[in-house]
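J.: From the sequence below, what's the structure:
(one chain, ligands or ions: 1)
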Amino acid sequence: MPLLNKADAMTSPAAETLNFKSELKQVLHLITHSLYSHKEIFLRELLSNASDAIDRARFNSLENEALLEGDRDWTIRIQVDLEAATLTVSDNGLGMDREGIIEHLGTIAKSGTRAFLERLKAADTAVRPELIGQFGVGFYSAFMVADKVTVVSRAAGSADAVRWESDGQGEFTVASAERTGRGTDVILHLKADEHDFLESWRLKGLVKQFSDFIEHPILMTVEKKKEDVSTFEDETLNSRKALWLRSKTEITEEEYHTFYRQVSNDFEAPLKVIHVQAEGTPSFRALLYLPKRRSMDLQFGDAKAGPRLYINRVLIQDPCEALLPAWLRFVKGVVDCPDLPLNVSREMLQQNPLLEKIQKNLVKQVLKALEELKTEQRETYAEFFKELGQILKEGLSRDWERREAIADLLLFEHLKGEPGKGITLAEYVAALPEEQKDIFHLAGENRATLAHAPSLEAFKAKGWDVLLLTDPIDPFVIPGLPEYKGHPLKAADRHVPEIPEAEKQKAEAAAGAFQPLLEFFKTKLTGLQNVRLSSRLKESAACLVAAEDALDPHMEQLLARLGQGRGPSPRVLELNPEHPTIQALLVRYQADPKDARLEGYAQLLHDQALIAEGSRPEDPTAFLARINELARKDLA
Ligand code: ADP
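T.: The predicted model follows:
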């Protein structure tokens, strides 16, 4: 086992001592110290592990009934031993064998552990419990209340049991053991000051609060007193109500939210609940949630997409990717469809045409919910879009059919709007001046640079609005939307507003005189595709634009950062013939085309254009030297 180090010379196969993987030691330390104010979550984590183990056993038994060994009485049990001060959570789920127990309870399987540690350190105490769930380290929260944890487990189909034990300090032991029947007992030897977790009222309260919706019964033997005579009875602590099967009118907001926390590991309330009760072929129930924020798993890119899939309350797949497209991977929840066959493999299930129908319906419902939110609560929607719009936008290039509906949900910063305030495409189109047909946009690093981009001068002069694409994903997804409601989308650094005929003629007449100067620029400046006169510039002397056949320059930069693409394409330098500097240059050139200063000015104009778009001059030192030379002459 490469991830583990043998701690000492104990080599007997029956009992051995092993070290936790080093990162796990840090996780343990952090969990036990930093989550102290939420220590009661250990019970939720253990019950959820027990429930998962039962779900997996039940699922496996669909294919191999022999694994059940005749025991179908799926139960989770909480047991208290007052004398020994132990609290035990038992299940008759899948169980673990020796190898499995070492792997699952000695290492952290998930990637991003370091990220987890960093987040945990930095996070507010209020969100810490959720981080635990998201990183699959819930079991270790037991060490917040126990100074020793013993796990006895027997894997389904195996005759041997195994005992794992640790004080959570860095080592654990594994030895052979005995257990009647398959399943797992997690025995917590409670710390001296944690004995209130032996009280049945406390345990009952915690189950109600955190684990009420668990489908399998959580049993506990409780003392019932009748006329001073004590009897002991099993009590089911959870209501086991499958929330999604109940009618909407019976469900309180609190119940919806509690369930959301269970399926999402999100500590906050959801942004919106979508409860679908569809009759037809297929009939199904879905309880979906839109989150307020981008969760950790979405942040680090290993998000499991899709809601849970149940068939008649039996958990079949978590998550089920076939239920929602990847661009809706932030949607959490459950889907239950009794019309699907229980006895097929997951692979076969993925191809079931009913799933596709369910997906279609769910996508429609989610888009509708987002549309409502946008219309009815614009500010809340804008917050949502800031957090999750980037994922939603992926649909533009991935989902041709829903492109229009997704386009309706987009928000953009725009030239005429306040920073941070978004406009929809519909709003942009509604405000189009009579002579403007196209939707113009410009992509770049940030709003401030974009708002001052020379390529927008002509638009400003005309009073036309331009969408400012500041999200790094925009240059990749916006080309997926060539037009919106009959209005083509065009990049403002490649297209200019249509120029009136009279102006065009005037410009053409003037162009002849500039031709030799333009040729001079071309010979002195390397790496350019062309140098020409500009019709877009009003205030600046020069700007750089993309050649018609080149990729968007912002996209090229992004690709280069990712180590992809062919590097920057040659650009076009445009000069403003109305600008006094350009006119003075022309006069100088006409007087003496060999004047040595002309080349320096050509370089300076090129560098200016680079700076104006937020790039760096190729040789900053030479650039500064030229500026200083000018200053010296001016002051002399
Ligand atoms: P998570 O449950 O999120 O994966 P945990 O730290 O809670 O993270 O558990 C680690 C692993 O240990 C689980 O994924 C599971 O494989 C195994 N495990 C924990 N509890 C049980 C149990 N009661 N029965 C079977 N396996 C279990």
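J.: Only C-alpha atoms from now on, for both contacts and neighbour counts.
T.: Fine.
J.: List the neighbouring strands of the strand or helix carrying residue 440 plus their orientation.
T.: Residue 440 belongs to strand 439-443 when elements are defined using DSSP states H and E. Applying DSSP bridges to the sheet, strand 439-443 is found paired with strand 467-469 (parallel), strand 487-491 (parallel).
J.: Give me whichever of those is most buried.
T.: For these, the largest average neighbour count (mean count of other CA atoms under 10 Å) is found in strand 467-469, namely a mean of 25.
J.: residues making contact with that one?
T.: 412-415, 439-444, 447, 450-451, 475 (CA atoms under 8 Å, 6 or more residues apart in numbering).
J.: and the residue sitting nearest the centre point of the chain, helix, strand or coil?
T.: Residue closest to the average C-alpha location in the chain (CA atoms, centre = their mean): residue 298, at 2.3 Å. Following DSSP: H, G, I helix; E, B strand; the rest coil, we place residue 298 in the helix state.
J.: is it true that it touches residue 331?
T.: No. Residue 298 is beyond contact range of residue 331, at 10.8 Å (criterion: CA atoms under 8 Å).
J.: I'd like the contacts of strand 467-469 written out as TSV, with pLDDT, neighbour count and distance to the ligand added.
T.: Below are the contacts of strand 467-469 laid out as TSV (pLDDT from 0 to 100; neighbours: other CA atoms under 10 Å; distance: CA to the nearest ligand atom, whole Å):
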residue	pLDDT	neighbour count	distance to the ligand
412	97	20	38
413	96	21	39
414	96	25	43
415	95	22	46
439	97	22	47
440	96	26	47
441	95	22	44
442	93	25	44
443	91	24	40
444	88	24	40
447	92	18	41
450	91	24	44
451	89	21	47
475	88	22	37
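J.: still on that earlier bit, to the ligand, which of the strands paired with strand 439-443 lies closest?
T.: Of all these, it is strand 467-469 that lies closest to the ligand, at 38.2 Å by CA to the nearest ligand atom.
J.: What mean pLDDT does the closest one get?
T.: Summarised as a single mean, pLDDT over strand 467-469 is 96.
J.: do the same with stretch 331-342
T.: Regarding stretch 331-342, the rounded mean pLDDT is 89.
J.: rewinding a little: can you lay out the strands paired with strand 439-443 as a markdown table showing distance to the ligand?
T.: Putting these into a markdown table (distance: least, CA to the nearest ligand atom, whole Å) gives the following:
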| stretch | distance to the ligand |
| --- | --- |
| strand 467-469 | 38 |
| strand 487-491 | 45 |
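J.: looking at these, which is closest to residue 404?
T.: In terms of CA to CA, the element of these nearest to residue 404 is strand 487-491, at 12.4 Å.
J.: could you dump that closest one to CSV, C-alpha only?
T.: Coordinates of each C-alpha in strand 487-491 appear next as CSV, following Å, rounded to 0.1, in the frame of the first residue of the first chain:
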residue,chain,number,x,y,z
HIS,A,487,-29.4,41.0,-34.6
PRO,A,488,-25.9,39.7,-35.4
LEU,A,489,-23.3,39.8,-32.6
LYS,A,490,-20.1,41.6,-33.7
ALA,A,491,-16.8,42.3,-32.1
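J.: Need the residues that contact that strand.
T.: For strand 487-491, contacts defined as CA under 8 Å, 6+ apart pick out 429, 437-442, 481-483.
J.: Tell me which helix or strand comes right after the worst-scoring helix or strand of the chain on mean pLDDT.
T.: When each helix and strand of the chain is scored by mean pLDDT, DSSP states H and E, helix 128-134 comes last, with a mean of 56. Sequence order places strand 146-154 as the next helix or strand after helix 128-134, per DSSP H and E.
J.: Spit out the contact partners of the residue of the stretch 151-300 of the chain found nearest the ligand.
T.: Nearest residue of the stretch 151-300 of the chain to the ligand: residue 184, at 5.1 Å (CA to the nearest ligand atom). Contact analysis of residue 184 by CA under 8 Å, 6+ apart lists 50, 90-93, 95-96, 151-154.
J.: cool, and residue 25?
T.: Here residue 25 is in contact with 169-170 (CA under 8 Å, 6+ apart).
J.: What of residue 451?
T.: Here residue 451 is in contact with 415, 468 (criterion: CA under 8 Å, 6+ apart).
J.: Tell me the residues of this structure that contact the ligand?
T.: Contact residues (CA under 6 Å from any ligand atom) of the chain with the ligand: 49-50, 53, 94-96, 104-105, 133, 136-140, 184.
J.: mind saving the C-alpha coords of stretch 330-343 as PDB?
T.: Taking C-alpha atoms only, stretch 330-343 is exported to PDB below (Å, rounded to 0.1, in the frame of the first residue of the first chain):
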ATOM      1  CA  PHE A 330     -24.700  23.600 -10.000                       C
ATOM      2  CA  VAL A 331     -28.300  22.400  -9.600                       C
ATOM      3  CA  LYS A 332     -28.600  20.000  -6.700                       C
ATOM      4  CA  GLY A 333     -31.400  17.700  -5.700                       C
ATOM      5  CA  VAL A 334     -33.200  14.400  -6.300                       C
ATOM      6  CA  VAL A 335     -35.300  12.800  -9.000                       C
ATOM      7  CA  ASP A 336     -37.500   9.800  -8.400                       C
ATOM      8  CA  CYS A 337     -39.000   7.900 -11.400                       C
ATOM      9  CA  PRO A 338     -40.900   4.800 -10.700                       C
ATOM     10  CA  ASP A 339     -41.300   4.100 -14.400                       C
ATOM     11  CA  LEU A 340     -37.600   3.200 -14.800                       C
ATOM     12  CA  PRO A 341     -36.600  -0.500 -14.400                       C
ATOM     13  CA  LEU A 342     -35.000  -1.300 -11.100                       C
ATOM     14  CA  ASN A 343     -33.000  -4.300 -12.300                       C
END
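J.: can you list contacts of it?
T.: Counting by CA under 8 Å, 6+ apart, residues outside stretch 330-343 touching it are 62-63, 244, 260, 263-264, 282-291, 294, 298, 305-313, 354, 388, 391.
J.: mean confidence score for stretch 152-168?
T.: Rounded mean pLDDT across stretch 152-168 is 94.
J.: where do the strands sit along the stretch 201-350 of the chain?
T.: For the stretch 201-350 of the chain, strands defined by DSSP state E, counting those that start in this stretch occupy the ranges 218-226, 229-236, 272-278, 284-290, 308-311, 314-317, 332-336.
J.: Report the contact partners of residue 233.
T.: 221-224.
J.: hey, what's residue 235 bridged with?
T.: residue 220.
J.: just checking, it touches residue 223?
T.: No. If you go by CA under 8 Å, residue 235 and residue 223 don't touch, sitting 9.6 Å apart.
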